[in-house]
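In: Structure of the sequence below:
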Amino acid sequence: MYRNFSETQQQQLMEEKTILLVEDDFLNRRVSKKILAENGYRILEAKNTKEALVILKTETISLAILDIHLGEGEEDGISLGSYIKDKYAVPFIYLTAYENPEIINRAVSTAPYSYLTKPFKNVDLLTSVEIAVRQTAHKTKYKPHIIAKDGDYNIELPLDQISYIESEGNYLLLHTDRKTYKTRSTIKQVMEELPGNIFIQVHRAFVVNKNKIDKFNIKNLVVKDTIIPVSRNYIETISNILRR
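Out: Numbers count the residues shown, from 1 in each chain. The predicted structure follows:
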């Protein structure tokens, strides 16, 4: 497959290339995973949109492979592809057993990197993946962020810069090491967007980045000399996450 590349070039091409494979059929998923894993890719599996979104919140994905039909009653792969494009800027490839013109038009409108009709040859899948990976290799990688207010302007605030989040009426205060930003939202809404393995709700009015915690006990957390209260309702959740 990579006969035109040196070993070093092959290693660079494959380095940290993680593929999200979203396929509801177990056997199809297993076959595709085997093909890709044997060619050096790290594969994360999801059988529906819900599982895929959990992975997207917690992992850095190089490419998503989306089956269009994800089961009865489930959101289809095209809707997921559109969301991934807008929210995560991750390239994606569609897999489908359907050749319906309406489905094809919907899929093409979301600008996938490729569209494979089942059954497809192994070489077709690998070629589509390699083209997508190579075309995006030099692009700036997506960095998870939240839209916040900096005075009169909106900014994309990287999540890893946020130390803790504090509720203030209809707004949230996003505290970083250098300054505090504001966004119109609630704790409940923001927790649906944040990666749960990093951000912990510790009180009805506070969410903390676990990587910024300096010390803690059953009553309080300390983040950069700021004491944040811990609610009794969240003690067990906090302890479980901090042990990971």
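In: What helices and strands are in contact with the helix ranked longest in the chain?
Out: Counting residues, the longest helix found in the chain (DSSP state H) is helix 122-136. Counting contacts by 3 or more C-beta pairs under 8 Å, 6 or more residues apart in numbering; DSSP states H and E, helix 122-136 is packed against helix 7-14, helix 26-37, strand 63-67, strand 92-96, strand 114-117. Bear in mind the C-beta positions are built from the backbone N, C-alpha and C, glycine included.
In: quick one, that helix and helix 26-37 angle?
Out: Interaxial angle, helix 122-136 versus helix 26-37 (axes from the mean of the first three to the mean of the last three C-alpha atoms, to 10 degrees): 60 degrees.
In: Which is the succeeding secondary structure element to helix 122-136?
Out: As assigned by DSSP states H and E, the chain's next helix or strand after helix 122-136 is strand 145-150.
In: In this structure, where is pLDDT below threshold?
Out: By pLDDT under 70, the weakly predicted segments of the chain are 1-16, 137-143, 240-244.
In: From the recorded domain assignment, give the ranges for the chain.
Out: 7-136, 145-242 (automatic domain parsing).
In: check contacts around the residue nearest to residue 215 when sequence neighbours are not counted.
Out: Leaving aside its sequence neighbours, residue 215 sits nearest to residue 222 (C-beta to C-beta, 6 or more residues apart in numbering; 4.9 Å). Contact partners of residue 222, counting by C-beta atoms under 8 Å, 6 or more residues apart in numbering, are 213, 214, 215, 216, 228.
In: Separate out the buried members of those residues.
Out: Those of the contacts of residue 222 that meet the buried threshold are 213, 216, 228, by 16 or more other C-beta atoms under 10 Å.
In: could these go into JSON lines alongside distance to residue 33?
Out: Converted to JSON lines, these look like this (distance: C-beta to C-beta, whole Å):
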{"residue": "213", "distance to residue 33": "36"}
{"residue": "216", "distance to residue 33": "39"}
{"residue": "228", "distance to residue 33": "42"}
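In: Please tell me how far the closest residue to residue 224 other than its chain neighbours sits from residue 210.
Out: Closest residue in space to residue 224, ignoring its immediate chain neighbours: residue 163 at 6.0 Å, by C-beta to C-beta, 6+ apart. Applying C-beta to C-beta, to the nearest Å, the value for residue 163 to residue 210 is 11 Å.
In: what's around the nearest residue to residue 150 once chain neighbours are set aside, how many residues?
Out: Sequence neighbours aside, residue 181 is the residue nearest to residue 150 in space, at 5.8 Å (criterion: C-beta to C-beta, 6+ apart). Here the number of neighbours of residue 181 (other C-beta atoms under 10 Å) works out to 21.
In: check contacts around residue 181.
Out: Taking C-beta under 8 Å, 6+ apart as the test, what residue 181 contacts is 148, 149, 150, 155, 157, 173, 174.
In: run the last query once more with 10 Å
Out: Listed by C-beta atoms under 10 Å, 6 or more residues apart in numbering, the contact set of residue 181 reads 146-151, 154-155, 157, 161-162, 165, 172-175.
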